[in-house]
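Visitor: got a predicted model here, sequence first, then my questions.
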Amino acid sequence: MVTYLIRRLIGAVVMLAVVSMVTFSIFFVVPRWAGATPVDMATRYVGRTASAEMAQVAAQRLGFLDPVIVQYGRWVKAIFVGADYDYGAGVEHCSAPCFGYSFLSRLPVWPDMLDRLPVTASLAIGAAVIWLIAGVATGVLSALKRGSFFDRAAMSVALAGVSLPIFFTGLVSLVVFSYGNPFRVTAPGSTYTPFEQNPATWAYNLLLPWITLAFLYAAGYARLTRAGMLETMGEDYIRTARAKGLPERSVVVRHGLRAALTPIITIFGLDFGLLLGGAVLTESTFSLPGIGKYAIDAIIANDLPKVMGVTMLAAFFVVFASLIVDLLYAVVDPRVRLS
Amino acid sequence: MSFLELKDLRIHFPTDDGLVKSVDGLSFSLERGKTLGIVGESGSGKSVTSLGILGLHKGGRARISGEIWLDGEELVSASAEHVRTLRGKKMAMIFQDPLSSMHPFYTVGQQIVEAYRIHNDVSKKVARKHAIDLLGRVGIPQPDRRVDSYPHEFSGGMRQRAMIAMALSCDPELLIADEPTTALDVTVQAQILDLMRDLQRDFNAALIIITHDLGVVAELSDDILVMYGGKCIEYGTTEDIFERPEHPYTWGLLGSMPRLDREPTERLLPIKGSPPSLINVPSGCAFHPRCAFEDRTEGRAKTEVPELLETEGGHLVRCHMPRDLRRAIWENEIKPNLEAAS
């Protein structure tokens, strides 16, 4: 088990290194393939009216003239030991872990992301709880009452859930439950309140985003759970459980659902990890100042360091989540337990 | 009344293609301490019968009629919940494939403990001790360690032993074994059969063994019931079935049974054709399309369903041929062939 853990950890680190190379290449190597010179790339940092000489100086100062490998090394080094950025009028220190420095906001990216992480985490955790409970419960009931009115209705709603984009369901829910009457749940324009400030307001203001986001995922999980339950409930060991005289509820939960949940755990881990890297659509729709909103704002503003920072953060969460999932899998399914 | 008595049991399944008459008017009785072998091809209704006795078709789509009397209680009309409380305690079942029949995520011990604690209000510790005792009793070495193993960590034979231990956990009075040795190696088969014989003696349970293998029932059974197309076509003591079988289908089963004392060059005598559809059961005698003696019934086999009639001392046969003709065919045509083969 320990060797397995170490092997998986090494794998995760390698994965992150690869992601960092790909991310770096997208922003610093690919433009060159497309014909951009280092000076062209530096132009972005000196303002629209700058002269060619000024761009040349900026390119020099920002290190764009160095070989790509040196630039990559510098970028990675900053993550571990920090870096100093000379933006022309002075030198800004970006302390480790330095995931880049935004020349637009004149702030390092990492503290910005840390500020926004609680918003995204609040959104993701709340939504995850709702969609897991709603999705799995719906799926189990649908499977047990296969072909019934409930099953058909639930699966139709689930189909709608997976098909409708957040920016549609989110806006509809805002119109109906926030800006509309008489179903007003949340005041119009209400936004994120930190949990430690007021847990009640925190939950209250997040209710609509939670439900909107959870609807999308619950739909998928309901379909997944239904399929899994239909499969496991036909297994021989379910017949054995019944033959023992177990009450049907235990047969369904302890024997059927237990087996059907295994693949769901895997998908849940990855979905959740992905969400922690920013729920772009939900955060934008509900104006939640989370990682996703941060990313989309940065993309619109062409603020490359921020985009790269968010990319790395999101990659970290996904890699970390898949690591957790792998370990969890060994706990859940004894057949994959490793010697 | 006997300990277990089935009267005209019918289990039909409505499907899109028609009504599947898996079990169609089955009656038999069984006493404690006795063993009944139910023999037949796939789809003859053996397994459906056993699941029906356990009440596992209740609440499903099956249409069940007739009577199942277990120790003076009628089970077909009893509530599903009541039958559930009997299941595992009064009657238990051993399944064919022990790997797929045990839950892969729970240890063997956990599964036995679960079976025991449904019907006995004891602590987990006591139940665990009971599980270890049972595992030892069914011949699993180091039961105190193996109790924490998962099914996939057991060999096939060990798994079937564990399955038997689970079935025996609540001292059932009726034990049904559905093809208990089919999924096992030949060497292990004999061990499991020996084990079941010993355990039955110890527990004094009524045992039903369901199999397509006459060799298995020859070893264990007091009585044998041969099923075909959802009906009993011959019933008698093991001696009746092996020494004086009267139904052409039983003759076919005996002829297609591999025997160690047979010459290796000797071919088996398979029954021609395939098992009947249970939706469009052949008219008259369900076996007539495959029967080599159909022409000796004066055409009745095609039109008339034969009755299950007593031929002698509890030996029942469902065949249109007159008794003397059947006996003559067995003595003169079938038996010499089988013996020549051996």
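Guide: Received, thanks. Just so you know, these numbers come straight off a predicted model, no measurement behind them.
Visitor: now the residue nearest in space to the middle of chain A: which helix or strand?
Guide: Nearest residue to the geometric centre of chain A (C-alpha atoms, centre = their mean): residue A:275, 2.3 Å. In this assignment (DSSP states H and E), residue A:275 forms part of helix A:258-276.
Visitor: that helix - contacts with which helices or strands?
Guide: Applying 3 or more C-beta pairs under 8 Å, 6 or more residues apart in numbering or on different chains; DSSP states H and E, one finds that helix A:258-276 makes contact with helix A:109-144, helix A:199-232, helix A:304-332. All C-beta spots, glycine's among them, are computed from the backbone N, C-alpha and C.
Visitor: go through that helix and flag the buried ones.
Guide: Buried positions in helix A:258-276, judged by neighbour count with 16 or more other C-beta atoms under 10 Å in any protein chain shown: A:258-266, A:268-273, A:275-276.
Visitor: just the angle between that helix and helix A:199-232, please?
Guide: 140 degrees (axes from the mean of the first three to the mean of the last three C-alpha atoms, to 10 degrees).
Visitor: show me the contact partners of helix A:258-276.
Guide: Contacting residues not belonging to helix A:258-276 are listed as A:117, A:120-121, A:123-124, A:127-128, A:132, A:136, A:213, A:217, A:221, A:224-225, A:228-229, A:231-232, A:235, A:237, A:291, A:314, A:317-322, A:324-325, A:328-329, A:332-333, B:103-105 [C-beta atoms under 8 Å, 6 or more residues apart in numbering or on different chains].
Visitor: wait, residue B:89 sits on residue B:169?
Guide: No: when contacts are counted by C-beta atoms under 8 Å, residue B:89 is not listed as touching residue B:169 (9.1 Å).
Visitor: the more surrounded of those two?
Guide: residue B:169 (27 against 20; other C-beta atoms under 10 Å in any protein chain shown).
Visitor: so the most centrally placed residue in chain B, which state does it fall into?
Guide: By C-alpha atoms, centre = their mean, chain B has its centre lying nearest to residue B:210, at 1.7 Å. Put simply, residue B:210 is strand when judged by DSSP: H, G, I helix; E, B strand; the rest coil.
Visitor: how about the residues of the stretch 151-300 of chain B by chain A?
Guide: Where the stretch 151-300 of chain B comes near chain A, counting by C-beta under 8 Å from any C-beta of the partner chain, the residues are B:152, B:166.
Visitor: what about the closest residue to chain A within the stretch 151-300 of chain B, distance to residue B:191?
Guide: Closest approach of the stretch 151-300 of chain B to chain A (C-beta to the nearest C-beta) occurs at residue B:152, with a separation of 5.4 Å. Using C-beta to C-beta, to the nearest Å, one gets 21 Å for the distance from residue B:152 to residue B:191.
Visitor: what of residue A:180?
Guide: 74 Å.
Visitor: neighbour-wise, which of these two wins?
Guide: Shown here are residue A:180 and residue B:191; by other C-beta under 10 Å, residue B:191 has more neighbours (16 against 13).
Visitor: hmm, residue B:156 and that one touching each other?
Guide: No: the criterion here is C-beta under 8 Å, and residue B:191 misses it with residue B:156 at 11.2 Å.
Visitor: and the residue nearest to the centre of chain B, what is it in contact with?
Guide: Applying C-beta under 8 Å, 6+ apart, the residues near residue B:210 are B:37, B:38, B:46, B:47, B:49, B:50, B:176, B:177, B:178, B:179.
Visitor: now do the domain split for chain B, please.
Guide: According to automatic domain parsing, chain B comprises the domains B:102-171, B:246-341.
Visitor: quick check on the residue of chain A found nearest chain B: phi, psi?
Guide: Closest approach between chain A and chain B, counting by C-beta to the nearest C-beta: residue A:245, at 3.3 Å. Residue A:245 has phi and psi values of phi 100, psi 20 when expressed as degrees, to the nearest 10.
Visitor: report pLDDT for the residue nearest to it when sequence neighbours are not counted.
Guide: Of all residues beyond its chain neighbours, the one nearest residue A:245 is residue B:88 (3.3 Å), with distances taken as C-beta to C-beta, 6 or more residues apart in numbering or on different chains. Looking at residue B:88, its pLDDT stands at 92.
Visitor: number of nearby residues for residue B:78?
Guide: Residue B:78: 17 neighbours (other C-beta under 10 Å).
Visitor: cool, and residue B:37?
Guide: Around residue B:37 there are 25 residues (other C-beta under 10 Å).
Visitor: skip the chain neighbours and tell me the closest residue to it.
Guide: Nearest non-adjacent residue to residue B:37 (C-beta to C-beta, 6+ apart): residue B:217, at 2.9 Å.
Visitor: next, the one you found: secondary structure please.
Guide: helix.
Visitor: pretty sure it is touching residue B:209, no?
Guide: Yes: using C-beta under 8 Å, residue B:217 is in contact with residue B:209, at 5.9 Å.
Visitor: list residues touching both of the two?
Guide: The contact lists of residue B:217 and residue B:209 share residue B:37, where a contact means C-beta under 8 Å, 6+ apart.
Visitor: higher neighbour count, those two?
Guide: A direct count of neighbours by other C-beta under 10 Å for residue B:217 and residue B:209 places residue B:209 higher, at 29 against 26.
Visitor: ok, now which ones touch that one?
Guide: B:35, B:36, B:37, B:38, B:177, B:180, B:196, B:216, B:217, B:220, B:221.
Visitor: residue A:41: neighbour count?
Guide: Residue A:41 - counted by other C-beta under 10 Å - has 19 other residues nearby.
Visitor: wait, it sits on residue A:59?
Guide: Yes: the pair residue A:41 / residue A:59 is scored as a contact, 7.2 Å apart, by C-beta under 8 Å.
Visitor: the residue nearest to residue A:245 reaches residue A:244, doesn't it?
Guide: Yes: if you go by C-beta under 8 Å, residue B:88 and residue A:244 touch, sitting 4.1 Å apart.
Visitor: quick revisit: quick one, what contacts the closest residue to the residue of the stretch 151-300 of chain B closest to chain A other than its chain neighbours?
Guide: Using C-beta to C-beta, 6+ apart and skipping residues adjacent in sequence, the residue nearest residue B:152 is residue A:335, 5.4 Å away. Residues near residue A:335 by C-beta under 8 Å, 6+ apart: B:104, B:150, B:152.
Visitor: residue A:335 belongs to a helix, doesn't it?
Guide: Yes: looking at residue A:335 with three-state DSSP, it is inside a helix.
Visitor: returning to what we had before: which among the contacts of helix A:258-276 end up buried?
Guide: For the contacts of helix A:258-276, buried by 16+ other C-beta under 10 Å: A:117, A:120, A:123-124, A:127-128, A:132, A:136, A:213, A:217, A:221, A:224-225, A:228-229, A:232, A:235, A:237, A:291, A:314, A:317-319, A:321-322, A:324-325, A:329, A:332-333, B:103-105.
Visitor: buried set for the helix or strand where residue A:174 lies?
Guide: Assigned by DSSP H and E, residue A:174 belongs to helix A:166-174. Neighbour-count burial for helix A:166-174 flags A:166, A:169, A:170, A:173, A:174 (criterion: 16+ other C-beta under 10 Å).
Visitor: what does stretch B:9-17 give?
Guide: B:9, B:10, B:11, B:12, B:13.
Visitor: in JSON lines, list these along with secondary structure, pLDDT and distance to chain A.
Guide: Shown next, in JSON lines, are those (DSSP: H, G, I helix; E, B strand; the rest coil; pLDDT from 0 to 100; distance: C-beta to the nearest C-beta, whole Å):
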{"residue": "B:9", "secondary structure": "strand", "pLDDT": "95", "distance to chain A": "18"}
{"residue": "B:10", "secondary structure": "strand", "pLDDT": "95", "distance to chain A": "21"}
{"residue": "B:11", "secondary structure": "strand", "pLDDT": "94", "distance to chain A": "16"}
{"residue": "B:12", "secondary structure": "strand", "pLDDT": "93", "distance to chain A": "20"}
{"residue": "B:13", "secondary structure": "strand", "pLDDT": "93", "distance to chain A": "15"}
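Visitor: ok, for residue B:233, nearest residue in space, not its chain neighbours?
Guide: Going by C-beta to C-beta, 6+ apart, residue B:233 has residue B:318 as its nearest residue, at 4.5 Å.
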